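# Output the structure for:
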Amino acid sequence: MSYVRIKIVNGRKYKYFVTGKRIDGSVKQKVIRYLGPIEPVYKFGKRHKSNASIYARKPTKEEFEALKNASKSTSSFTKDRARIILLSAEKLFSKPIAERVGCEERKVRDAIKAFNKNGLNSLERKKAKGAEPKFTEEIKKNILLNFSKEPKEFGYVFTAWTLPRFKKHLVEKNVVKSISIESVRQILNKSGAKLEKSKRWQYSPDKNFFKKSRL
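Predicted coordinates:
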């Protein structure tokens, strides 16, 4: 025998589909399936925001004309953004816009958000920040200060700087941690500094003179 049974739990009524079997004069019940509450309570929470259906705000008349012109721009970035905004203003979702323009949905959403925030300025690609200079002005001044001194002031046997010698000197004296010969050349050239030719010696009492002179 099968039937629906109502059970009260914490003051609320729930329905169960059960079967009953008589054994030794008593009926033993077995729950087959839970059917749910008699009076269900539906909770309405906050809906999660989604980027899937954001739209561009309605452009003004001037903006609309500017967007139409921009959609024919030779810049692919400007042209794509203008097309995206015009299509979004027609209440198209991100996915069909991406298919028409031939880009990712993320690019569509970024363009819409940028237009809603910055208007027509969003049609221009922002210039990437340039790399920070490796050598500060203070370091460059220190490099030039070292170059202005003769090698013998630092205890060297040669009489004039060469790019390899000066590069090695800058690292050994902890003026810089590392530097390329090309960077040395550029810093010297911009300051107008010039390398001088080494003076020739006929002899030297230093036994290692010829070895050192090749440094």
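
# ok, so what distance separates residue 28 from residue 21?
Distance, residue 28 to residue 21, by C-beta to C-beta, to the nearest Å: 5 Å. C-beta: built from backbone N, CA, C; applies to glycine.

# How about the secondary structure of residue 134?
coil (DSSP: H, G, I helix; E, B strand; the rest coil).

# Confirm for me that it is in contact with residue 183.
Yes - the pair residue 134 / residue 183 is scored as a contact, 7.4 Å apart, by C-beta atoms under 8 Å.

# of those two, who's got more company?
residue 183 (16 against 11; other C-beta atoms under 10 Å).

# so who does that one touch?
Each residue near residue 183 by C-beta atoms under 8 Å, 6 or more residues apart in numbering is listed here: 134-135.

# if we go to 6 Å?
Contacts for residue 183 were tallied using C-beta atoms under 6 Å, 6 or more residues apart in numbering; there are none.

# Regarding it, which helix or strand does it belong to?
Assessed by DSSP states H and E, residue 183 sits inside helix 181-191.

# buried ones in that helix?
Of the residues in helix 181-191, those buried by neighbour count under the rule 16 or more other C-beta atoms under 10 Å are 183-184, 187-188.

# And stretch 72-85, by the same measure?
78-85.

# Equivalent analysis for stretch 4-21, please.
Of all the residues in stretch 4-21, those buried under the rule 16+ other C-beta under 10 Å are 14, 16, 18.

# give me the beta-bridge partners of the last one?
Going back to what we said before, that points to residue 18. residue 3, residue 31 (DSSP bridges).

# Let me know whether it touches residue 29 as I believe.
Yes - counting by C-beta atoms under 6 Å, residue 29 is a contact partner of residue 18 at 4.9 Å.

# Same list, the buried residues of helix 181-191, but as TSV with distance to residue 108 please.
Output for these, formatted as TSV (distance: C-beta to C-beta, whole Å):
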residue	distance to residue 108
183	43
184	49
187	47
188	51
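
# Would you check which pair of those lies furthest apart?
By the measure C-beta to C-beta, 183 and 188 form the most distant pair in the buried residues of helix 181-191, at 9.7 Å.

# Quickly list the domain ranges of this structure.
Domain assignment for the chain by automatic domain parsing gives 2-37, 61-123, 137-213.

# Could you single out the most deeply buried of these?
domain 61-123 (a mean of 17; mean count of other C-beta atoms under 10 Å).

# residue ranges of the helices in the chain, please?
Here the chain has its helices, by DSSP state H, at 61-70, 76-89, 94-101, 105-118, 137-147, 163-172, 181-191, 209-213.

# quick one: low-confidence parts of the protein?
1-3, 17, 40-53, 127-133, 197-215 (pLDDT under 70).

# The residue lying farthest from the centre of it: what's it in contact with?
Distance from the C-alpha centroid of the chain, by C-alpha atoms, centre = their mean, peaks at residue 25 (76.6 Å). By C-beta under 6 Å, 6+ apart, residue 25 lies in contact with nothing.

# For it, what are phi and psi?
phi 80, psi 0 (degrees, to the nearest 10).

# That one and residue 5: what is the separation?
The value you get for residue 25 to residue 5, if C-beta to C-beta is used, is 20 Å.

# what do you get for residue 177?
For residue 177, the distance to residue 5 - C-beta to C-beta - is 82 Å.

# Equivalent analysis for residue 190, please.
Distance from residue 190 to residue 5, by C-beta to C-beta: 93 Å.
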